[in-house]
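# okay, predicted coordinates and the sequence, questions at the end:
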Amino acid sequence: MGLLRVRRRGAYGVRAGPDGPEDRLRRFATIWSRAVFPVTSTSSTRPEFEDQLLPLARRLSEALRARTFDANEGRAVGAALVAAHCTDPEALSRSLDCVDAYLVLYCGDGGDQENLRARSARLQHAMAAGFAQALRARTLAEQEAISAAALKAQGVVAQALHATEARFRAVFEGAAIGIGIADLDGNIIQVNGALLRMFGSSEKALRTRNVQEWTHPEDAPQTWKLYDELVRGEREHYHVEKAFYRPDGTVLWTNLTVSLLRDADGEPQYQLALMEDTTERRLLNLRLRYEATHDALTGLPNRTFFFERLEKALGAGEGQRFGLCYLDLDGFKTVNDSLGHAAGDRLLVEVADRLQSCATAPGEMVARLGGDEFVALTTGPDTEREVDELAARIMNVLVAPISVDGRELTVRGSIGIVEGPAGERGPAEVLRSADITMYRAKSAGGNRFELADPEADARAITRHGLTTALPTALDRGEFFIEYQPLVHLGDGSVRGAEALVRWLHPQHGVLGPDRFIPLAEHTGLIVPLGRWVLEQSVRQAREWRERYDDAGPFRINVNLSPCQLTHPGLVQDTVDILERTGMAPDALCLEVTESALIGADDDLLKPLRRLAEMGVDIALDDFGTGYSNLANLRRLPVSILKLDRSFTQSMQQFPADPVDLKIVEGIVSLAHGLDLSVTVEGVETGAQAEQLRILGCDTAQGWYYARPGPPERLHELALVDATG
Ligand code: C2E
Ligand code: MG
Ligand code: MG
């Protein structure tokens, strides 16, 4: 220490070598900075920090030695410490320690030690006070900055809100769609200009009405249910098409969207309605719809419209019925062809007008389906009675001649009536039934009405269905053959069997030949089907022969359709089949109905004759039903007469009609005289069999012996017969 004192110089601020006052001041700053630097949060390095402290050290040094002492210098240094990021209390504490230990030592400059120490102490107090004050000010400033920032932020939000509000106002007022706000009780709070214009009303007038009063008879059933759900807060929005009455009584149609507005806590608060005026568009749609649903010529509802109404009528609730008259003009084509389409059109217009006058009661309508086809519909609980009256009215209005181009045209029509309860049939089915019935009326001569008969319908409908399914049925293997034994009346032995074809239809089950043979004849399928039956039956016959050779000659009877007779391949096909199966021609008998051969010329008989010459037997089936000339029998290449079932039936009662017996007896003796054998069909009782045997019949067929069945059944019969 003495050394330091020795090197002391007079005036400060004058560099006086390594130990001058400036050096000592620097050393004090160095010590101070080393003590405090670790607890500052400054971003400076330690030497930089020392440079920051150096002026503070100088202030303290000068204050210490000043002529008049001012403790405020200490405050300034305390505040400066805070400014230099020495805000940690530890930094203050270390600074005060430093000042206490080294300020007088390095900067006292050998003055009055007592006085210097007192000054140093006061400077330290002042430093602490300045430090604390600066720190508080700084904290306050920071808080201030935060709250100012918050305030500023709030200002921005308010401004944004204001902008939103302004934008909302602009949208609200300027929108082309109507906007209205109401509370949840339906009190209207605010409406925009567009809404007022839609209603043609003042805001005041509009606001006096509660939302719930705005009902309209055409409100969809769910409209007010949706409303209730929304105001109860169970639904956020809904969309409906809704009509309103304007104050002047006209109707406003709208697309209405209602949304629920909730407050900041999520509680339902308001309802917001947005509505678009669709009145014009609706009118246009109605116009377009009218055009799409009405016939341009007569102005009557068209097919589309009628189907809608019929669908509705058929879907009506329990107890509701419908009645439909399907009218087709008789001979309208002739009018068109002879007088031209323009005249035909005028006639249709007049007919339409007259029909319209027939169906004016509620629930009644008339429509034009197209061409000269019209329908009249009546609905309600009483259509059973009403539909007949409706049909009678229609027939009645057509009676008076229609004058077209100076001519009096008589118009007649055929009507098919369908009547029934709602909920059972669809429109297409009902219309088809009416159509079928109308055709029945037409084919019965026209100018009449007929009532639909479900059975007749069913037949016509399945006939149609079967015709379309028939072509693929053969490929799909849906046909099969049953066999019915032919029994010798003399000894009861089985001599053969008749092949009877059946159709196992995927939907209708087993169908008998009467259901589909006429269709097969009509479509030409009978040729391949007949060929298939022939081949199958002949194969079956060979199988029987192989098994029961000793059971006697076994013959297979196969039915031939008239179409097959005229088919050029008949002979060749038959020969091929016999050859392929290795069967002799006399194992086969072809049955041809009597009616097919009535008036047959030689050309038609040629194939049959060829077959007969080869040894194939030909039987005249259903003999006695075709009124053929008995003398004609000589011309025909037949060897067997199959007496129709009707003869057998007349023998059912006991005693049998003696005239019938005589007829059969006559036929049998005539047949035998012509070298024909006689087979009887439809033998159902033992008594019949006995009677027919006595009358001289050769062979019999019927349920008394066996019903047609699978080939195995015949094995059993033949076996019983052969062994018994
Ligand atoms: P059909 O040739 O006169 O055949 C006899 C019909 O009488 C058969 O009717 C048979 O089941 C029935 N029948 C047999 N015994 C009795 C009886 O005791 N009482 C009564 N009430 N009926 C009996 P199905 O099988 O319905 O055949 C009807 C007609 O279909 C046949 O009359 C025949 O003309 C035709 N048919 C059957 N199969 C074929 C075929 O493969 N081709 C052609 N073209 N026609 C066939
Ligand atoms: Mg037959
Ligand atoms: Mg027959």
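Arrived safely, thanks for sending. Ligands and ions are numbered 1, 2, ... in the order given.

# what's the spacing between the nearest residue to Gly569 once chain neighbours are set aside and Asp514?
Leaving aside its chain neighbours, Gly569 sits nearest to Val527 (7.7 Å; criterion: CB to CB, 6 or more residues apart in numbering). Backbone N, C-alpha and C define where each C-beta goes, glycine included. Val527 is 19 Å from Asp514, where distance means CB to CB, to the nearest Å.

# again, but for Gln649
Counting by CB to CB, the gap from Gln649 to Asp514 is 17 Å.

# more neighbours: which of Val527 and Asp514?
The residue with more neighbours, out of Val527 and Asp514, is Val527; 18 against 7, by other CB atoms under 10 Å.

# and the more buried one, what's its pLDDT?
At Val527, the model reports a pLDDT of 93.

# what's near enough to touch it?
Cys563, Gln564, His567, Gly569 (CB atoms under 8 Å, 6 or more residues apart in numbering).

# which helix or strand contains Val366?
strand 364-370 (DSSP states H and E).

# how distant is that strand from the center of its chain?
Its chain's C-alpha centre and that of strand 364-370 lie 28 Å apart, by CA atoms, centre = their mean, to the nearest Å.

# do you know how far the residue nearest to Gly569 is from ligand 3?
Val527 sits 21 Å away from ligand 3, going by CB to the ion, to the nearest Å.

# and Leu641, by the same measure?
11 Å.

# assign that residue to helix, strand or coil.
strand (DSSP: H, G, I helix; E, B strand; the rest coil).

# of the contacts of Val527, select the buried ones using a ChimeraX command.
Restricted to buried positions by 16 or more other CB atoms under 10 Å, the ChimeraX selection for these reads:
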select :563,564,567
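
# list the helices and strands the longest helix seen in the chain packs on?
For the chain, the helix with the greatest residue count under DSSP state H is helix 113-174. Judged by 3 or more CB pairs under 8 Å, 6 or more residues apart in numbering; DSSP states H and E, the packing partners of helix 113-174 are helix 46-65, helix 72-83, helix 89-98, helix 104-107.

# need the contact list for Ser33.
Ser33 is in contact with Arg46, Phe49, Glu50, Leu53, counting by CB under 8 Å, 6+ apart.

# the residue in the stretch 351-500 of the chain that ligand 2 sits nearest to: helix or strand, and which one exactly?
Nearest to ligand 2 in the stretch 351-500 of the chain, going by CB to the ion, is Glu498, at a distance of 5.6 Å. Assigning secondary structure by DSSP H and E places Glu498 in strand 494-505.

# buried residues in that strand?
Those would be Val494, Arg495, Gly496, Ala497, Glu498, Ala499, Leu500, Val501, Arg502, Trp503, His505, for strand 494-505 by 16+ other CB under 10 Å.

# in its sheet, what does it sit against?
Here strand 494-505 is paired, per DSSP bridges, with strand 479-488 (antiparallel), strand 509-511 (antiparallel), strand 555-560 (parallel).

# low pLDDT regions in the stretch 51-200 of the chain?
143-144, 146-151, 153-157 (pLDDT under 70).

# please name the nearest non-neighbouring residue to Asp698.
Per CB to CB, 6+ apart, closest to Asp698 is Ser677, 4.4 Å.

# just to revisit the earlier point, do you know which of the strands paired with strand 494-505 lies nearest Lys662?
Minimum separation from Lys662 across the strands paired with strand 494-505 (CB to CB) falls at strand 479-488, 24.4 Å.

# kindly export the closest one (C-alpha atoms) in CSV.
The C-alpha coordinates for strand 479-488 follow below in CSV (Å, rounded to 0.1, in the frame of the first residue of the first chain):
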residue,chain,number,x,y,z
PHE,A,479,-87.9,-79.3,-70.8
PHE,A,480,-88.5,-82.8,-69.7
ILE,A,481,-90.7,-85.7,-70.9
GLU,A,482,-93.3,-87.7,-69.0
TYR,A,483,-94.6,-91.0,-70.3
GLN,A,484,-98.1,-92.4,-70.1
PRO,A,485,-98.5,-96.1,-70.7
LEU,A,486,-100.7,-97.5,-73.5
VAL,A,487,-102.4,-100.6,-72.3
HIS,A,488,-103.9,-103.5,-74.4
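
# what is the mean pLDDT for that strand?
The predicted model assigns strand 479-488 a mean pLDDT of 95.

# ok, stretch 363-374 next?
On average, stretch 363-374 scores 94.

# that one: end-to-end distance?
End-to-end distance for stretch 363-374: 17 Å, by CA to CA, to the nearest Å.

# list the buried residues of that stretch.
Buried-residue list, stretch 363-374, by 16+ other CB under 10 Å: Gly363, Glu364, Met365, Val366, Ala367, Arg368, Leu369, Asp372, Glu373, Phe374.

# ok, stretch 698-707 next?
Within stretch 698-707, the residues that count as buried by 16+ other CB under 10 Å are Asp698, Thr699, Ala700, Gln701, Gly702, Tyr704, Tyr705, Ala706.

# excluding chain neighbours, what is closest to His505?
Per CB to CB, 6+ apart, closest to His505 is Leu511, 5.3 Å.

# pull the number of nearby residues for that neighbour.
19.
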